[in-house]
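Enquirer: pasting the sequence and the predicted model now:
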Amino acid sequence: GAGVSQTPSNKVTEKGKYVELRCDPISGHTALYWYRQSLGQGPEFLIYFQGTGAADDSGLPNDRFFAVRPEGSVSTLKIQRTERGDSAVYLCASSWGGGQSEQFFGPGTRLTVL
Amino acid sequence: GDSVTQMEGPVTLSEEAFLTINCTYTATGYPSLFWYVQYPGEGLQLLLKATKADDKGSNKGFEATYRKETTSFHLEKGSVQVSDSAVYFCAHYNQGGKLIFGQGTELSVKP
């Protein structure tokens, strides 16, 4: 079956611009996660959705970052007034029920802020 | 707080050499432990896992044993291949269900 997909695979933008990154989880997975992976580092948690609601957004670095999942499936990570430090690979993962269920990762979106 | 520490890379080995990548963790309770692998140009894939103390996870010739007493989950393989070249991440869940990752260890296997 189809895995987690993310679009775009690469995004180059200029400092100060707004970007949206999309994640399509595995069908039927209720839990969805966003992580950020900086160069040479492991992924770091940003936000977790259970259904349509953000169950834990403690990893979002500041109020420029926001994510939604309006119908409990596709999620969009939104970054306002991008900064060069936002450059990273943004990973999405989904799982059946959250908790300690296995998370399946998408290929990521590489964001470069010039 | 919760954390994962891995040995620093890059690790360079010849084909058929023995591999060990050390991983230790700090966590509340006894979380499930994981090794993920990221092949060049690909996304993160689960390599193996262990859900309780003394469990051994294994896959593709790789093994790791959940050691509660030393809070470790070292990855081993008896004979590496060129195709094993990748970045390996140790991880565990915290009590909130978030995956906590180590910084990754790059493995390069030469023919």
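Expert: That came through fine.
Enquirer: so who does B:Val82 touch?
Expert: B:15, B:109-111 (Cβ atoms under 8 Å, 6 or more residues apart in numbering or on different chains). All C-beta atoms are positioned from the backbone trio N, CA, C, and that covers glycine.
Enquirer: state the pair within these that is farthest apart.
Expert: The span of the contacts of B:Val82, defined through Cβ to Cβ, is set by B:Val109 and B:Pro111 at 7.9 Å.
Enquirer: what sits in contact with each of these two?
Expert: Joint contacts of B:Val109 and B:Pro111 (Cβ under 8 Å, 6+ apart) are B:14-15, B:82.
Enquirer: just the ones of those in strands?
Expert: Counting by DSSP state E, the shared contacts of B:Val109 and B:Pro111 place B:Ser14 in strands.
Enquirer: could you give the average pLDDT over stretch A:70-78?
Expert: Stretch A:70-78 carries an average pLDDT of 96.
Enquirer: next one: stretch B:55-64
Expert: Rounded mean pLDDT across stretch B:55-64 is 97.
Enquirer: that one: which residues count as buried?
Expert: By 16 or more other Cβ atoms under 10 Å in any protein chain shown, the buried positions in stretch B:55-64 come out as B:57, B:62-64.
Enquirer: which bits of chain A sit near chain B?
Expert: Contact residues, chain A versus chain B (Cβ under 8 Å from any Cβ of the partner chain): A:31, A:33, A:35, A:40-45, A:48, A:56, A:58-59, A:91, A:93, A:98-100, A:102-108.
Enquirer: these in helices, which ones?
Expert: Secondary structure from DSSP state H places none of the residues of chain A next to chain B in helices.
Enquirer: closest to the centroid, which residue in chain A?
Expert: Nearest to the mean C-alpha position of chain A, by Cα atoms, centre = their mean, lies A:Trp34 at 3.4 Å.
Enquirer: where in chain B is pLDDT low?
Expert: Applying pLDDT under 70 to chain B flags no residue at all.
Enquirer: of all the residues in it, which one is nearest chain A?
Expert: The nearest approach of chain B to chain A comes at B:Phe101, 3.2 Å away (Cβ to the nearest Cβ).
Enquirer: ok, and the closest non-adjacent residue to that residue?
Expert: A:Gly42 (3.2 Å; Cβ to Cβ, 6 or more residues apart in numbering or on different chains).
Enquirer: and B:Gly43, by the same measure?
Expert: Excluding the flanking residues, the one nearest B:Gly43 by Cβ to Cβ, 6+ apart is A:Pro107, at 4.0 Å.
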